[in-house]
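Chemist: The sequence and its predicted three-dimensional model are supplied below.
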Amino acid sequence: MRPRRHHNPKKRIAPTPTKARKSQLADVAMHVRYVGNPDHKRNPGDYRLTPPSRPRPGKSLCDVAGIFTRAEAQELLKKGIREGLVSEQASEGWPRLVWMIKGDTVLEARLDNVERGTYHGYPLEPTDPFCDSVRERWSS
């Protein structure tokens, strides 16, 4: 697999949320759903994807982060939202991007479906300078 070699310098985490914004984010976290994407899976785990897995060259794989259950991915997504690790851009109240950390791996989740509030995620390249921004805001 060919690793992604470019990083998006325009990516930004929204400012630290106010108390009111934290309440909004908590509500979003209650309704969000992680669905996954076969392009980022070698081991399909319990994601019920169709096809189960279809790793593509240039796509990072969730397998390197050791996330093999939808429940774990769902909890990480919710935690990223509650922590305010969301992009400034949103669609109909859903953050376009959400970041979280598992072990030493920084993960990014992307909004898949605005009507349903569903996301898929993938690890960022360890060389991506944006990873440092996520690590600074993540609380273990």
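Modeler: Everything's here; your move. Numbering: from 1, shown residues only.
Chemist: any low-confidence regions in the chain?
Modeler: 1-7, 38, 40-42, 45-59, 61, 140 (pLDDT under 70).
Chemist: Tell me where it has strands.
Modeler: Assigned strands in the chain, in chain order: 33-34, 90-91, 94-95, 97-102, 105-113, 118-123 (criterion: DSSP state E).
Chemist: how about residue 85, what does it touch?
Modeler: Residue 85 sits next to 13, 98, 99, 100, 134, 137, 138 when contact means C-beta atoms under 8 Å, 6 or more residues apart in numbering. From N, CA and C alone the C-beta is placed, and that goes for glycine too.
Chemist: what's across from the third one in the sheet?
Modeler: So that's residue 99. On the basis of DSSP bridges, residue 99 is bridged to residue 108.
Chemist: what about it, how many neighbours?
Modeler: 29 (other C-beta atoms under 10 Å).
Chemist: Touching, it and residue 134? I think so.
Modeler: Yes: with contact defined as C-beta atoms under 8 Å, residue 99 counts as touching residue 134 (4.5 Å).
Chemist: Need the residues touching each of those two.
Modeler: With C-beta under 8 Å, 6+ apart, residue 99 and residue 134 have common neighbours 13, 85, 106.
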